[in-house]
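# With the input below, show me the fold.
(4 chains)
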Protein chains: 2
Amino acid sequence: METDSPSITELADTLGARLRAPYRRLQRRLYGSLELRFPDIRRAHSVVFRHIGPDGSRLTDLAAQAEMTKQSMAYLIGHLEAHGYLHQTNHPEDGRATLVKLTAKGRRFVETAAAASRELEAEVAAELGKARVAQLRELLVALDQALAKSAEDAAG
Amino acid sequence: METDSPSITELADTLGARLRAPYRRLQRRLYGSLELRFPDIRRAHSVVFRHIGPDGSRLTDLAAQAEMTKQSMAYLIGHLEAHGYLHQTNHPEDGRATLVKLTAKGRRFVETAAAASRELEAEVAAELGKARVAQLRELLVALDQALAKSAEDAAG
DNA sequence: ACCAACTCGTCAGGGCCTCTGACTAATGTC
DNA sequence: GACATTAGTCAGAGGCCCTGACGAGTTGGT
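Down below sits the predicted model:
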């Protein structure tokens, strides 16, 4: 209370800090609105829903897309299957593989999350105006590409 | 809805996804460049450096600013103290409290991280141009405020 | 000056999420 | 058919965050 001294790094006003603040806020709002209806789903599970294909995906592919180990992905999938969001079957073309698919409940979650996301974005648009939101989106895509490009240059 | 695309949610093109991509990339680049020189420091520790004041901070204040429990903050501080980035002393004005301060090594880390951040940002500016980076910053601040405001409205 | 209420930080314990290493079973290659 | 590769599992560990309970110190009312 007494030492209200300003933090060190936050003063640096890095681009990362500027990105982090709204990202965290958005996350909290979104998961906050979903946790009542889908209490089994936690943040870690979002990578599964983010990458799973409409016709199902292999565990290995999901793990690769999420940039995590197969074991970790299996842990997440196990939880979601136990709670009825996914089901696993033998892959029809590869006896080693499993095919992970959304159940009806899983699809319902994805749709609810998407709707909540759209609603949040509408609130933002009401504050900022559609034009500025569009501009922000465009700049974020450009930023991502710029980072990808300069990473390549650094590696090459 | 029944497309052949590899992902479901990523298609939704949410603002969160647009924010996440460059944020993650930035994080990876930044921590990647630091881990060789400061292998003891992991991502979880960043909240300590982010909030610690130039004259030190109390554990309780750091925990509150990081929005975590005092126990969790103590865990992080313990690690950083063990590796020489922080030191703890009795608080001169409150016998219950400790004062957590950066050591010289800790300050070196903060400065190195800030420099790496500036360098990354320069690379981005080289791609996008200074004007667009400034515009992006401004929009990110506006977005954060918009989210804060609409959260208030929802709560009130 | 006292005592109750509060606050600071710690100890103990647990859960979630991710990792590494070792393994089996199925597939692909020669 | 022999061998390397790939899909996924089992076992174990560590990192990071939580809750609950606690002793020590501070604060405010009387």
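# Tell me the buried residues in the lowest-mean-pLDDT helix or strand in chain A?
Lowest on mean pLDDT, DSSP states H and E among the helices and strands of chain A sits helix A:130-155, with a mean of 92. Neighbour counts over helix A:130-155 (16 or more other CB atoms under 10 Å in any protein chain shown) mark A:132-133, A:135-137, A:139-140, A:142-144, A:146-147, A:150-151 as buried. (Glycine included, C-beta is placed from N, CA and C.)
# swap in stretch A:103-123?
For stretch A:103-123, by 16+ other CB under 10 Å, it's A:105-107, A:109-110, A:113-114, A:116-117, A:120-121, A:123.
# Now render these as a markdown table, adding pLDDT, distance to DNA strand C and secondary structure.
Listed next are the buried residues of stretch A:103-123 as a markdown table, based on pLDDT from 0 to 100; distance: CB to the nearest atom of the strand, whole Å; DSSP: H, G, I helix; E, B strand; the rest coil:
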| residue | pLDDT | distance to DNA strand C | secondary structure |
| --- | --- | --- | --- |
| A:K105 | 98 | 18 | helix |
| A:G106 | 98 | 16 | helix |
| A:R107 | 97 | 21 | helix |
| A:F109 | 97 | 15 | helix |
| A:V110 | 96 | 18 | helix |
| A:A113 | 96 | 16 | helix |
| A:A114 | 95 | 21 | helix |
| A:A116 | 95 | 19 | helix |
| A:S117 | 95 | 20 | helix |
| A:L120 | 95 | 22 | helix |
| A:E121 | 96 | 25 | helix |
| A:E123 | 96 | 27 | helix |
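# Looking at the residues you listed, spot the one nearest B:Q65.
A:L120 (25.0 Å; CB to CB).
# Skipping its backbone neighbours, what lies nearest the closest one in space?
When the adjacent residues along the chain are set aside, A:L120 lies closest to A:R29, with 5.8 Å between them (CB to CB, 6 or more residues apart in numbering or on different chains).
# correct me, but that neighbour touches B:A148?
No: using CB atoms under 8 Å, A:R29 makes no contact with B:A148, being 10.1 Å away.
# Doesn't A:T89 lie inside a strand?
Yes: counting by DSSP: H, G, I helix; E, B strand; the rest coil, A:T89 is found in a strand.
# how would you label the nearest residue in space to it that is not next to it in sequence: helix, strand or coil?
Sequence neighbours aside, A:L99 is the residue nearest to A:T89 in space, at 5.2 Å (criterion: CB to CB, 6+ apart). Secondary structure assignment for A:L99 (three-state DSSP): strand.
# A:L99 against A:E93, yeah?
No: using CB under 8 Å, A:L99 is not in contact with A:E93, being 9.3 Å away.
# Compare the two and say which is more crowded by neighbours.
A:L99 (18 against 7; other CB atoms under 10 Å in any protein chain shown).
# which ones are touching the more buried one?
A:L99 makes contact with A:56-58, A:88-92, according to CB atoms under 8 Å, 6 or more residues apart in numbering or on different chains.
# among these, which ones are buried?
Using 16+ other CB under 10 Å, the buried members of the contacts of A:L99 are A:56-58.
# Roughly how far does A:A97 sit from A:R108?
26 Å (CB to CB, to the nearest Å).
# Noted, bye for now.
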